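>>> turn this into a structure:
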Amino acid sequence: MSNEKHALIIGAGLSGLASALALKQKGWQVTLYEQAQEHKGIGAGIVLAANAMKALDKLGVGQEVRELGAAVHSARIRDWKGNLLVELPVTEQAERYGADSYLIHRADLQQALLAKISTHELVLGKQFVSFSQKEASVQAAFADGSSTQGAILIGADGIHSHVRKRLFGEESMRYSGYTAIRGIATYQDPRYPLESGGGFEAWGRGIRFGFSHIGNNRIHWFAAINAPEGEKDGPLGRKRETLRRLDGWYEPVRAVIEATEDAAILRHDIYDRAPLRRWSEGRVTLVGDAAHPMLPNLGQGAGQGMEDALVLARCLAEADADSDSDSAYALRMYEEKRKKRANAIVKGSRLMGAVTQWENPLAIATRHFLLKTIPARIQSRRLDWIVGHEV
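Next up, the predicted model:
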């Protein structure tokens, strides 16, 4: 395969697959290298805000995602007793942005993207080790002793990115202060009716619970619980310990946890990294969580990776059309176009997490008072620069 317009993509998660699709649209050949031995769907539910849906339309998979997911029809924030704090005007937002937000299982989203990738474009069981660069090419080396060359190398290998480590050295991750316990349950209870695409968050003292109906009677839920880093499950087990921590919370919070199989409940400490000053070096760059891992509080992790993919492909296409530019220049332009926005969302997500996980009773009372008194329309406008954006 010619190196001239061949991109090596390390990692075949959402950002890697999106990068492959965007580059293919611009006439590039792509090969995705994934360290897993099989490409199976993992994770829980995911929200795709309007900016992410617009990106998916440009990638050619928007309609498939709409068929697999559920449009967001309601979004409410309550306190732990069930009292309504604010109901966001999702219909008005969708009209303003020109697109609905959607809820979908991460595995379904991944499969929708993967369906656009040819078999020969995905290589499994390839653990990236290092890269080396020449004037007109880059070489990637793998743990099995093999290597390959291309015009550019894209690190799409997530928050633990080996490509990022090779570019910029060892860095510490930043612990958020809370752990996330998540699950998907097949759940339907006439006592607590909720339409497809409906959902809420309930905010307590150092605990936040989220509940989203992602279609086909499937409920994605999460509990973000303040905890020491690395804390293990208690003697009651993950499910019972979570129910204990949510004792007294209004239904259907506990009911949906009860309906979830123990083995289907995941737990992960939540991390991000400090924003980088640069993402690229020569013919190597980063996308998605490899470039700007963020806390999930603004629901933008996947969307920002998709925006990266489209802007990167656009910059490469512009460089192709300019005889005075090359791929290394295109990567520098890509990071300059994307860095400020992505890093601002990293900071915003961290701030949002701090506010939602407060433990001080006075701070919580103030938070709830402001949520109830500031008009929902004004509160939602604060996210226009994120959700209303289109690359």
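>>> and residue 32, which of the three is it?
strand (DSSP: H, G, I helix; E, B strand; the rest coil).
>>> grab the most central residue of the chain for me.
Nearest residue to the geometric centre of the chain (Cα atoms, centre = their mean): residue 301, 2.7 Å.
>>> list the contacts of that one.
For residue 301, the contacting residues are 288, 289, 293, 294, by Cβ atoms under 8 Å, 6 or more residues apart in numbering. Where C-beta positions appear, they are placed from N, C-alpha and C, glycine not excepted.
>>> now swap in residue 105 and tell me
Contacts of residue 105 by Cβ under 8 Å, 6+ apart are 41, 43, 44, 45, 46, 68, 69, 184, 214, 218, 220.
>>> list the beta-bridge partners for the last one.
Beta-bridge pairing for residue 220 (DSSP bridges): residue 184, residue 212.
>>> that one reaches residue 212, doesn't it?
Yes - between residue 220 and residue 212 there is a contact under Cβ atoms under 8 Å: 4.8 Å.
>>> what sits in contact with each of those two?
45, 103.
>>> in this structure, which segments are predicted with low confidence?
1-3, 41-43, 190, 192-196, 323-324 (pLDDT under 70).
>>> gap between the residue nearest to the centre of the chain and residue 260?
Residue 301 sits 23 Å away from residue 260, going by Cβ to Cβ, to the nearest Å.
>>> again, but for residue 287
Residue 287 is 33 Å from residue 260, by Cβ to Cβ.
>>> do residue 129 as well
Taking Cβ to Cβ, one finds residue 129 at 39 Å from residue 260.
>>> same question, residue 284
41 Å.
>>> tell me which of these two has more neighbours.
residue 284 (24 against 19; other Cβ atoms under 10 Å).
>>> and the more buried one, what does it touch?
131, 133, 138, 152, 153, 154, 155, 163, 167, 331.
>>> would TSV of those with secondary structure be doable?
Shown next, in TSV, are the contacts of residue 284 (three-state DSSP):
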residue	secondary structure
131	strand
133	strand
138	strand
152	strand
153	strand
154	strand
155	strand
163	helix
167	helix
331	helix
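>>> give the buried subset of those residues as a PyMOL selection command.
Under the burial definition 16 or more other Cβ atoms under 10 Å, those of the contacts of residue 284 that qualify are selected in PyMOL by:
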select buried, resi 131+138+152+153+154+155+163+167+331
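>>> and which of the contacts of residue 284 is nearest to residue 98?
residue 154 (29.2 Å; Cβ to Cβ).
>>> ok, that closest one - contacts?
7, 8, 9, 10, 16, 19, 163, 284, 285, 286, 287, 312.
>>> which stretches of the stretch 251-391 of the chain form helices?
Under the criterion DSSP state H, counting those that start in this stretch, the stretch 251-391 of the chain carries helices at the ranges 253-258, 301-321, 327-356, 361-373, 376-381, 384-387.
>>> I'd like to know which of those is closest to residue 278.
Judged by Cβ to Cβ, the one of the helices of the stretch 251-391 of the chain that comes nearest to residue 278 is helix 327-356, at 6.2 Å.
>>> what helices or strands is that closest one leaning on?
Using 3 or more Cβ pairs under 8 Å, 6 or more residues apart in numbering; DSSP states H and E, the elements in contact with helix 327-356 are strand 174-186, strand 266-272, strand 284-286, helix 301-321.
>>> quick one: the strands in the stretch 51-200 of the chain?
Secondary structure of the stretch 51-200 of the chain (DSSP state E, counting those that start in this stretch): strands at 70-71, 76-79, 84-87, 102-105, 122-124, 128-133, 138-142, 147-150, 152-155, 174-186, 199-203.
>>> out of these, which is closest to residue 253?
Comparing the strands of the stretch 51-200 of the chain by Cβ to Cβ, strand 199-203 comes nearest, at 6.3 Å.
>>> now do the closest one against helix 361-373, angle only.
Taking axes from the mean of the first three to the mean of the last three Cα atoms, to 10 degrees, strand 199-203 and helix 361-373 form an angle of 150 degrees between their directions.
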